[in-house]
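Colleague: the sequence isn't on hand, but the structure is:
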């Protein structure tokens, strides 16, 4: 009974359209999951680069005696800051947007490795 009702509601072209959409979703999910690029966390203080750290290795990095960041699960966050409002700490984890602490003049950026871009250009 359900089979006859199903074919009355949907035509062959409807079923083919649904299958095409499902195949596009599966292809895009597969493509984007395998297209991960290595990223690096750049930590700057007072416009001077303090260090570069791979985002795929979990770590806690102490910037100075008052500030520290945590890299975990390919995301980064500020875990310690002595600024009065602590907006940088409240921002939480980020995997693409920069974290900025204005009172301490700290900038945390996440960028793709240059080697990946050079490979595409060649």
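Modeller: All right, it came through fine. These figures come from a predicted structure and were not determined experimentally. Residues are numbered from 1 along each chain as shown.

Colleague: show me which helix runs longest in this protein.
Modeller: helix 12-33 (DSSP state H).

Colleague: for the record, mean pLDDT for it?
Modeller: Averaging pLDDT along helix 12-33 gives 84.

Colleague: any idea of the mean pLDDT for the helix or strand just after it?
Modeller: In the C-terminal direction, the helix or strand that comes right after helix 12-33 (DSSP states H and E) is strand 39-45. If you average the pLDDT over strand 39-45, you get 94.

Colleague: what's the first helix or strand after strand 39-45?
Modeller: Trace forward from strand 39-45 with DSSP H and E and the next one is strand 48-54.

Colleague: list the contacts of that next one.
Modeller: 38, 39, 40, 41, 42, 43, 44, 59, 61, 63, 71 (C-beta atoms under 8 Å, 6 or more residues apart in numbering). Just so you know, the C-beta spots here come from the backbone N, C-alpha and C atoms, and that holds for glycine as well.

Colleague: no more questions from me, cheers.
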